[in-house]
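> Sharing a sequence plus its predicted fold:
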Amino acid sequence: MHSIYLNHTGTTPKKKKPAANGDKLADSVGSLSVDEPRVKSKNLNVIAEFEKSGTKRMANFVVVGMSDHFSYVLSSRLSSVPVKPRLTYPGHVDHGKSTLMGRLLYDLKVIDQRSIDKLRKEAETIGKSSFALAWVMDETSEERSRGVTVDIATNYFETDLTRFTILDAPGHKDFIPNMISGSSQADFPVLVIDASTNSFEAGLKGQTKEHILIARSMGMQHIIVAVNKMDTIAWSKSRFDEIAKRMTAFLTEASFSEKRISFIPLAGLTGDNVVKPLDHHAADWYTGPTLLEALERIDLPPRNMTKALRLSVADVFRGDMRSPLSIAGRIDSGTVQVGDVILALPANETAVVKAIEVQDQVVDWAVAGQMPTLHLADIDPVHLRQGDIVCPPSAPVKLVKAFSSKLLAFEHVLPCPVEVFRSTLNSPGSIRTLSARLNKFTGEVVKKRPRIVKPGEVARVVVVLERELPIEEGMRVVVRERGRTVGAGVMENVA
Ligand code: GTP
Ligand code: MG
């Protein structure tokens, strides 16, 4: 287990020692030099290697859902005591995303008994014993004392067929940017909802809706809905059916197709129907898969390995002496191997890939769909940051200042300053022009130059960035204004 954002603990490959040849002054000076020895490429045909390797299929999923922001707002309004939103959460009930993922990892023996016992003890010490499983995911002390997830935690597990990467996204609205960046790296979302009445109703209006629209706008087509905390409603079939019905209506409206939605009743806290099948009299009515089985069965999007390398940088970290600079992120297309020269954009600086790790294993190459860590040489750290794109120098992404985008409006859209999100990148910008309103299904122009675009409508808009950034056709973008997501869509062309 590790979080690439918080405490990277992956093994770093050993640097080759410079040959100790002779005692001439020049040689000694040479061995003192900070230059890394050149990394040799094995010149592998990575796609052939990948096919030969029989690598398991790879699936990355993001866990979404919400903190019950509405019950929080409500209780803070009713309370005469001023509430510090970032510190106290009166009546705060979460849907149990972190707990569910902690349970999954625990039951799959990714987390050992001793670590869980330790977490349980620590949780009891501060009077939060029910959070022990959540703490498997929530690693910082801020997350633990507040009982909320702030950053995206990354964890791995594997089954006979698939290697999974879990991205546990924060549910609270303050952390939506982290959630967008997590979603941009995922193949599909697992939506966790709390089956107990009130929390579920609130969820449909709040961050859950925003998460879902963002996930769909990022191109995700399949969704697993974990109907959680079924233990609190005695595994009621009628309640489960009602949730499934209402969620289906809601998800199909957000343009998920009905046959790509799976509903799984479960309880993260007790582990029922997560890895171990249901064994409750009250739940005899359910004959479907466990969460793990549903994960195994999901169809994955095709990987664009033959296209040029596009890696979105999710994190940059300085390692130790041997490996001073490393980046982690998802490969959206193409392949990379040790010895490759890569171009970092927008800095437009090259680097050499010294070593690669995928899921904590040192490897020679990585392919689209994976989230490797690349250890780099021959580049100054100032040239790399979160949100950058790494590509081959021979096939760079163009830097653009303004682009035309097809956007699904979540809120009313007018020309205005916005924040633009592309994968892990986040930049100030503005919507300059509403070029046209489009037919949602055919993409035909319905009205040129509309004055305003309403929620649910699709429009072509021109987005201007504060500075030139690497964005190309087909990349997904999300635009937000003052903390609300106003729309999401795809980049069409340079404007
Ligand atoms: P954020 O990260 O803040 O969005 O919250 P979260 O969705 O990750 O929720 P978390 O896992 O932190 O769980 C919140 C509370 O719900 C904890 O007290 C859990 O013990 C409780 N909880 C989670 N799953 C279940 C469940 O299946 N049954 C019951 N009864 N309680 C649960
Ligand atoms: Mg959490």
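On my side now, so go ahead. Residues are numbered from 1 along each chain as shown. Ligands and ions are numbered 1, 2, ... in the order given.
> Show the contacting residues for the residue nearest to R330 when sequence neighbours are not counted.
Closest residue to R330 apart from its sequence neighbours, by Cβ to Cβ, 6 or more residues apart in numbering: Q185 at 4.1 Å. From N, CA and C alone the C-beta is placed, and that goes for glycine too. If a contact means Cβ atoms under 8 Å, 6 or more residues apart in numbering, then Q185 has N60, V62, L167, S312, A314, G329, R330, M371, S423, T424 as its contacts.
> May I see the buried residues of the helix or strand that contains E296?
Element membership for E296, per DSSP states H and E: helix 291-297. The neighbour-count check on helix 291-297 (16 or more other Cβ atoms under 10 Å) flags L291, L292, A294, L295, E296 as buried.
> which one of the residues you listed sits closest to V490?
L295 (27.3 Å; Cβ to Cβ).
> one step back: ok, the residue nearest to R330 to T125 distance?
Distance, Q185 to T125, using Cβ to Cβ, to the nearest Å: 34 Å.
> so, in contact with ligand 1 or not, stretch 209-222?
No - applying Cβ under 6 Å from any ligand atom, one finds stretch 209-222 separated from ligand 1 by no less than 10.4 Å.
> Just the C-alphas of the longest helix anywhere in the chain, formatted as PDB.
Across the chain, the longest stretch assigned as helix under DSSP state H is helix 237-253. Output in PDB follows, covering the C-alpha atoms of helix 237-253 (Å, rounded to 0.1, in the frame of the first residue of the first chain):
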ATOM      1  CA  LYS A 237     -35.000  -5.300  -0.400                       C
ATOM      2  CA  SER A 238     -37.600  -2.600  -0.900                       C
ATOM      3  CA  ARG A 239     -35.100   0.100   0.100                       C
ATOM      4  CA  PHE A 240     -32.400  -1.300  -2.200                       C
ATOM      5  CA  ASP A 241     -34.900  -1.600  -5.100                       C
ATOM      6  CA  GLU A 242     -36.000   2.000  -4.600                       C
ATOM      7  CA  ILE A 243     -32.400   3.300  -4.500                       C
ATOM      8  CA  ALA A 244     -31.600   1.300  -7.700                       C
ATOM      9  CA  LYS A 245     -34.700   2.700  -9.400                       C
ATOM     10  CA  ARG A 246     -34.000   6.300  -8.500                       C
ATOM     11  CA  MET A 247     -30.300   6.000  -9.200                       C
ATOM     12  CA  THR A 248     -30.900   4.500 -12.600                       C
ATOM     13  CA  ALA A 249     -33.100   7.400 -13.500                       C
ATOM     14  CA  PHE A 250     -30.500   9.800 -12.300                       C
ATOM     15  CA  LEU A 251     -27.600   8.000 -14.000                       C
ATOM     16  CA  THR A 252     -29.300   7.500 -17.400                       C
ATOM     17  CA  GLU A 253     -30.000  11.300 -17.300                       C
END
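> buried set for it?
Applying 16+ other Cβ under 10 Å to helix 237-253 flags R239, F240, I243, A244, M247, L251 as buried.
> can you check stretch 156-166 too?
Buried-residue list, stretch 156-166, by 16+ other Cβ under 10 Å: Y156, F157, T159, T162, R163, F164, T165, I166.
> what about it, how long is it end to end?
Length of stretch 156-166, first residue to last, Cα to Cα, to the nearest Å: 6 Å.
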